[in-house]
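Engineer: sequence and predicted structure, then a few things I'm wondering about:
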Amino acid sequence: MHRKRKVFCLALVAALALSAVMASAASAQFTSTSTHTILSGAQKVGTNDAFSAGSGFGAVTCENVTYSGTAASVQASDRTITISRTGCKDTFGRAVHVVGGSVIWTGNGTLHIENPTSVKVTSGGSIICTVTSGAQEGVNGVTYKNLGGTSGLEVTFHSTNIKRTIEGGFFNCGTSTTNATAGTYDGVAIITGKDTSGSAVAINKD
């Protein structure tokens, strides 16, 4: 009898723990105090965004990164964000032009690349290496920190599983690999919200 009670209690504890985890996952939401919120932001002061296609490909850093988006509800499980990057260069000092950058931030700590993003390395005015991140889901390493009130949301990226296609060859790109699966991306963004009249509103990740 005691053994049956013990087994029952253990099963009950496990069930409650599972329910708590499921409830936590279900409640992972982005919230705003306004029905229609205009989102904007930039990389955190003192940081530079950096990304690589993986082993052999020198890291690209960008000095100016901005974020924009629109939230059409006070609560949602994800947010679609457009990213613009300028002032980018690789480890050899070559100019890098980044095209595209629409992503979906999800409440579970991953992001989806919605539109392909191309990184074009130039030398002497010509494009010599192109790295493309195609549409994909489940990019890892995204964490959120609520800054409180209308101060916004701090989003930190430390992604290590981005799939990228590399064109240009070993001497131009630093790697002969054409399909990389361990691309990285590191950066910190500060995002704030305003309503349609331009007044600051609180945004959070619950």
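Structural biologist: Received, thanks.
Engineer: element containing Asn64, please.
Structural biologist: strand 60-71 (DSSP states H and E).
Engineer: restricting to C-alpha, output that strand in CSV.
Structural biologist: Output of strand 60-71 as CSV, limited to C-alpha atoms (Å, rounded to 0.1, in the frame of the first residue of the first chain):
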residue,chain,number,x,y,z
VAL,A,60,31.8,40.6,-40.1
THR,A,61,31.1,43.4,-37.7
CYS,A,62,28.5,46.2,-38.2
GLU,A,63,28.7,49.5,-36.4
ASN,A,64,25.2,50.7,-37.1
VAL,A,65,22.2,48.4,-36.7
THR,A,66,18.5,49.6,-36.4
TYR,A,67,15.3,47.7,-35.8
SER,A,68,11.7,48.5,-36.8
GLY,A,69,8.4,46.7,-36.6
THR,A,70,4.7,47.1,-35.8
ALA,A,71,2.6,45.3,-33.1
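Engineer: for it, packing partners?
Structural biologist: Strand 60-71 sits against strand 37-43, strand 49-52, strand 78-89, strand 95-99, strand 179-194, with contacts defined as 3 or more Cβ pairs under 8 Å, 6 or more residues apart in numbering; DSSP states H and E. The way it works is simple: take the backbone N, C-alpha and C, and place the C-beta from them, glycine included.
Engineer: figure out how far stretch 158-170 is from the centre of its chain.
Structural biologist: With Cα atoms, centre = their mean, to the nearest Å as the basis, stretch 158-170 stands 16 Å off its chain's centre.
Engineer: residues touching Gly187, list them.
Structural biologist: 43, 47-50, 65, 156-157 (Cβ atoms under 8 Å, 6 or more residues apart in numbering).
Engineer: for it, list each beta-bridge partner.
Structural biologist: In this entry, Gly187 is beta-bridged to Phe157, by DSSP bridges.
Engineer: could you do Ala76 as well?
Structural biologist: Counting by DSSP bridges, the residues bridging with Ala76 are Phe30.
Engineer: I'd say Lys44 and Ala189 touch.
Structural biologist: Yes. Lys44 lies in contact with Ala189 (Cβ atoms under 8 Å); the separation is 6.7 Å.
Engineer: switch the contacts of Gly187 over to CSV; also include pLDDT.
Structural biologist: What follows is the contacts of Gly187, written out as CSV (pLDDT from 0 to 100):
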residue, pLDDT
Gln43, 94
Thr47, 90
Asn48, 89
Asp49, 92
Ala50, 92
Val65, 94
Thr156, 96
Phe157, 95
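Engineer: from those residues, list just the buried residues.
Structural biologist: 43, 48-50, 65, 157 (16 or more other Cβ atoms under 10 Å).
Engineer: kindly reformat those as JSON lines containing distance to Ser126.
Structural biologist: Shown next, in JSON lines, are those (distance: Cβ to Cβ, whole Å):
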{"residue": "Gln43", "distance to Ser126": "29"}
{"residue": "Asn48", "distance to Ser126": "25"}
{"residue": "Asp49", "distance to Ser126": "25"}
{"residue": "Ala50", "distance to Ser126": "24"}
{"residue": "Val65", "distance to Ser126": "25"}
{"residue": "Phe157", "distance to Ser126": "30"}
